[in-house]
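Student: model the structure of this input:
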Amino acid sequence: MKLVLFDIDGTLLLSDGAGRRAIHRALREVFGTTGPADYFFDGKTDPQIVRELMQSAGHDDDRIDADMTRLLARYVECLHEELIAPGHRRAYTLPGVPQLLDALEASPNVILGLLTGNIEVGARAKLEAVGLDPRRFRVGAYGSDHERRPELPAIARERTKRHLGHDLAGNAIVVIGDTPADLTCGKSLGAGAIGVATGRHSVEELQRHDPLAVFADLSDTKAVTHAILDA
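Tutor: Numbers count the residues shown, from 1 in each chain. Below is the predicted model:
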């Protein structure tokens, strides 16, 4: 049995900056600033993004912690608005994603899951915006579960055991993502990783982090499926 954990942004889909716009709106309302404009969101959890941006703006952790729940609630409201806002390209799935999910879902030895820095309700909103049913992903670990991404693979494994009855070894887990953080977060469990260069990082950059494989995109369903199942 394989647990295949997909990142969302830059891996399954792109949302034309809806998430960034939404979090900036919420930050301005709650903290009065968005923090540095050149900050990269890639590979980070939503709470981590908020904390690092507001630390850079001079806020201490006590203030950030006090307003985190309110900030994230407002972010979700803004995200729903941004995903349908006129004047922006609509969110869309990346090449090969629907076909790969269909192929993996058809395998009796694969459990589809999510491992994402998005808080759970934000993850659901983005998936629904591109026509992907969140219920296809039978387990998940989210930024709302832990602020540190390396903690998420163990959470996904425990949920697989608790909800589905499968107690998986680390090497039965494969994380698929577009950032170095995706490729390295499961190493402490012995999980494998597959990189896809549909985000900000090139194939060459991703290959430096010792993944099982790296693809330019997920359009070669047969090759990606073999890389997952042969891991």
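
Student: right, and the helix or strand after the helix or strand hosting residue 76?
Tutor: Using DSSP states H and E, residue 76 falls within helix 61-83. Later in the chain than helix 61-83, the nearest helix or strand by DSSP H and E is strand 92-93.

Student: tell me what that next one is packed against?
Tutor: strand 13-14 (3 or more Cβ pairs under 8 Å, 6 or more residues apart in numbering; DSSP states H and E). To be clear about C-beta, it is placed using only N, CA and C from the backbone, and glycine gets the same treatment.

Student: following the strand it packs on, which helix or strand shows up next?
Tutor: helix 18-31.

Student: can you pull the buried residues of the following helix or strand past that following helix?
Tutor: Later in the chain than helix 18-31, the nearest helix or strand by DSSP H and E is helix 46-56. For helix 46-56, a neighbour-count test (16 or more other Cβ atoms under 10 Å) marks 46-54 as buried.

Student: helices or strands up against helix 46-56?
Tutor: Partner elements for helix 46-56 (3+ Cβ pairs under 8 Å, 6+ apart): helix 18-31, helix 61-83.

Student: now do the buried residues in the longest one.
Tutor: Okay, so that is helix 61-83. Applying 16+ other Cβ under 10 Å to helix 61-83 flags 64, 67-68, 71-72, 74-76, 78-80, 82-83 as buried.

Student: which strands and helices lie in contact with that helix?
Tutor: Using 3+ Cβ pairs under 8 Å, 6+ apart: helix 61-83 touches helix 18-31, helix 46-56, helix 120-129.

Student: angle of it against helix 46-56?
Tutor: Orientation check (axes from the mean of the first three to the mean of the last three Cα atoms, to 10 degrees): helix 61-83 against helix 46-56 gives 120 degrees.

Student: put the alpha carbons of helix 61-83 into CSV.
Tutor: C-alpha atoms of helix 61-83 as CSV (Å, rounded to 0.1, in the frame of the first residue of the first chain):
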residue,chain,number,x,y,z
ASP,A,61,5.2,36.4,18.7
ASP,A,62,2.8,37.3,21.5
ARG,A,63,1.0,39.8,19.2
ILE,A,64,1.1,37.4,16.3
ASP,A,65,-0.3,34.5,18.3
ALA,A,66,-3.0,36.6,19.8
ASP,A,67,-4.3,37.6,16.3
MET,A,68,-3.5,34.4,14.3
THR,A,69,-7.0,32.8,14.5
ARG,A,70,-8.7,36.1,13.5
LEU,A,71,-6.2,36.6,10.8
LEU,A,72,-6.7,33.2,9.3
ALA,A,73,-10.5,33.4,9.5
ARG,A,74,-10.4,36.7,7.6
TYR,A,75,-7.9,35.2,5.1
VAL,A,76,-10.4,32.5,4.2
GLU,A,77,-13.1,35.0,3.6
CYS,A,78,-10.8,37.0,1.3
LEU,A,79,-9.6,33.8,-0.4
HIS,A,80,-13.2,32.9,-1.5
GLU,A,81,-13.6,36.4,-2.9
GLU,A,82,-10.3,36.4,-4.7
LEU,A,83,-10.9,33.0,-6.3
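
Student: what about the residue nearest to residue 46 when sequence neighbours are not counted, which helix or strand?
Tutor: Spatially, and ignoring its direct neighbours in sequence, residue 46 is nearest to residue 143 (4.3 Å; Cβ to Cβ, 6 or more residues apart in numbering). Following DSSP H and E, there is no helix or strand that holds residue 143.

Student: then residue 112?
Tutor: strand 110-115.

Student: show me this structure divided up by domain.
Tutor: Following automatic domain parsing, one gets these domains for the chain: 2-15+92-229, 18-83.

Student: tabulate these (JSON lines), appending mean pLDDT.
Tutor: JSON lines is the format used below for those (pLDDT from 0 to 100):
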{"stretch": "domain 2-15+92-229", "mean pLDDT": "97"}
{"stretch": "domain 18-83", "mean pLDDT": "97"}
